[in-house]
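Asker: any chance you could fold what I've pasted below:
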Amino acid sequence: MWLVGALVGLNYLRLAWTVDVNGLSVMTGRLPYWDFTNLWGGGRIALEGHVGQLSDLESYRPALRALLSPWLLDQEWS
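Answerer: Residues are numbered from 1 along each chain as shown. Model (predicted):
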């Protein structure tokens, strides 16, 4: 039974991370992201010397979209 569960989970991940030409998930129609966008994007923003943007939503969100994708949904630094 665990094999069936593992296969279902692996298939879900495969579908979620299969992207179309715009980089959107074919399963959800959205960017395949979770905490990655905040961890990687926030780290890049900080390394570029813009630590203040992490706590300012009006500048953080556009900076994150510029790094990753214009279709990124609103996010906050966690």
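Asker: the longest helix in this structure is where?
Answerer: Of all the segments of type helix in the chain, defined by DSSP state H, the longest one is helix 2-16.
Asker: chain center to it, what's the gap?
Answerer: Mean-position distance between helix 2-16 and its chain equals 20 Å (Cα atoms, centre = their mean, to the nearest Å).
Asker: mind checking what helix or strand follows it in sequence?
Answerer: Where DSSP states H and E defines the elements, the next helix or strand beyond helix 2-16 is helix 36-47.
Asker: so what touches the helix or strand following that next one?
Answerer: Moving toward the C-terminus from helix 36-47, the next helix or strand (DSSP H and E) is helix 57-67. With Cβ atoms under 8 Å, 6 or more residues apart in numbering as the test, helix 57-67 has contacts from 37-38, 41-42, 44-45, 50, 52-54, 72, 74-77. No exception for glycine: its C-beta is placed from N, CA and C like everyone else's.
Asker: switch the cut-off to 7 Å
Answerer: T37, G41, R44, I45, H50, Q53, L54, L72, D74, Q75, E76, W77 (Cβ atoms under 7 Å, 6 or more residues apart in numbering).
Asker: how about stretch 37-51?
Answerer: Against stretch 37-51 from outside (Cβ under 7 Å, 6+ apart): Q53, L54, A63, L64, L67, L68, L72, Q75, W77, S78.
Asker: and that stretch, what's buried?
Answerer: For stretch 37-51, a neighbour-count test (16 or more other Cβ atoms under 10 Å) marks T37, N38, G41, G42, I45 as buried.
Asker: before we move on, what about stretch 19-29?
Answerer: S25.
Asker: could you check how far that stretch is from the centre of its chain?
Answerer: 12 Å.
Asker: show the average pLDDT along it.
Answerer: Averaged across stretch 19-29, pLDDT comes to 81.
Asker: ok so, going back, which of the contacts of helix 57-67 lies closest to V26?
Answerer: L72 (17.5 Å; Cβ to Cβ).
Asker: for the closest one, which residues are in contact?
Answerer: L31, T37, L64, R65.
Asker: how about those residues in CSV, adding distance to V8?
Answerer: CSV is the format used below for these (distance: Cβ to Cβ, whole Å):
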residue, distance to V8
L31, 23
T37, 26
L64, 32
R65, 33
